[in-house]
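Engineer: Next come a sequence and a model predicted from it.
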Amino acid sequence: MLAVRRGGEIVVIGDGQVSVGNMIVKHGARKVRRLGEEGAIVAGFAGASADAITLFERLESQLKSHAGNLTRAAVELAKEWRSDRVLRRLDAMMLAADGRRMFVLSGTGDVLEPDGDSTAIGSGGGYAQAAARALLENTSFGAREIAEKAMGIAAELCVFTNRNVTVEAVAAKG
């Protein structure tokens with residue numbers, strides 16, 4: 001899962017591979033979704049699929065409770081995730097973006113906003129982020145092209161990442 005910011009938008013891209021141990025069980029999972037009113041938030045996950053669905057639902061609920069404010073919703077989700085006995089056992093991480101800001105969320109209470117214009121999670125995340133950083137620094141490509149090229153590089157290097165991707169973009173408002 002990778003998020004790239006450039007030119008007034010953030011693109012979130014996720015591969016479609018689901019594996020159990022070292023066996024691939026699905027090639028076309030959709031790990032990226034639009035959330036919030038009018039799909040103003042894009043979020044993606046890495047980790048256990050059922051756990052991620054729970055987290056998408058909880059983030060959606062927090063977005064409704066906080067009038068679509070992603071920062072507030074992310075903090076409240078992380079607090080709930082860490083303190084709830086059932087939620088803290090979930091095996092997943094999330095990326096969430098609203099066009100201006102992007103966050104990495106985890107069950108340890110992390111709400112991390114990257115220093116740069118890309119961030120990633122999951123097995124191939126390090127490869128994808130390294131490629132995205134190089135492309136951000138050395139090309140004039142747009143966010144989508146960078147995300148797609150970087151995820152392609154990750155798929156070439158990581159056995160847990162494939163090229164069957166879902167891409168969603170969200171533009172900065174105002």
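Structural biologist: Arrived safely, thanks for sending.

Engineer: Let me see the contact set for Gly152.
Structural biologist: With contacts defined as CB atoms under 8 Å, 6 or more residues apart in numbering, Gly152 is in contact with Arg163. Just so you know, the C-beta spots here come from the backbone N, C-alpha and C atoms, and that holds for glycine as well.

Engineer: What values do phi and psi take at it?
Structural biologist: phi -60, psi -40 (degrees, to the nearest 10).

Engineer: Could you check the pLDDT of it?
Structural biologist: Model confidence at Gly152, given as pLDDT, is 98.

Engineer: Now do the contacts for the most centrally placed residue in the chain.
Structural biologist: Using CA atoms, centre = their mean, the residue of the chain that lies closest to the mean C-alpha position is Leu95, 2.9 Å off. With contact taken as CB under 8 Å, 6+ apart, Leu95 is in contact with 1-3, 12, 43-45, 102-105, 119-121.

Engineer: try 6 Å
Structural biologist: Applying CB atoms under 6 Å, 6 or more residues apart in numbering, one finds that Leu95 lies in contact with Met1, Ala3, Val12, Gly44, Val104, Ile121.

Engineer: from the residues you listed, which two are the most distant?
Structural biologist: Val12 and Val104 (11.6 Å; CB to CB).

Engineer: more crowded one of these two?
Structural biologist: It is Val12, of Val12 and Val104, that has more neighbours when counted by other CB atoms under 10 Å, with 28 against 21.

Engineer: Can you tell me which of the contacts of Leu95 lies closest to Glu156?
Structural biologist: Glu156 has its nearest neighbour among the contacts of Leu95 in Met1, at 16.8 Å by CB to CB.

Engineer: what's the pLDDT at that closest one?
Structural biologist: Taken from the predicted model, the pLDDT recorded for Met1 is 97.

Engineer: just checking, it touches Gly124?
Structural biologist: No: the pair Met1 and Gly124 fails to qualify as a contact (CB atoms under 6 Å) at a distance of 8.4 Å.
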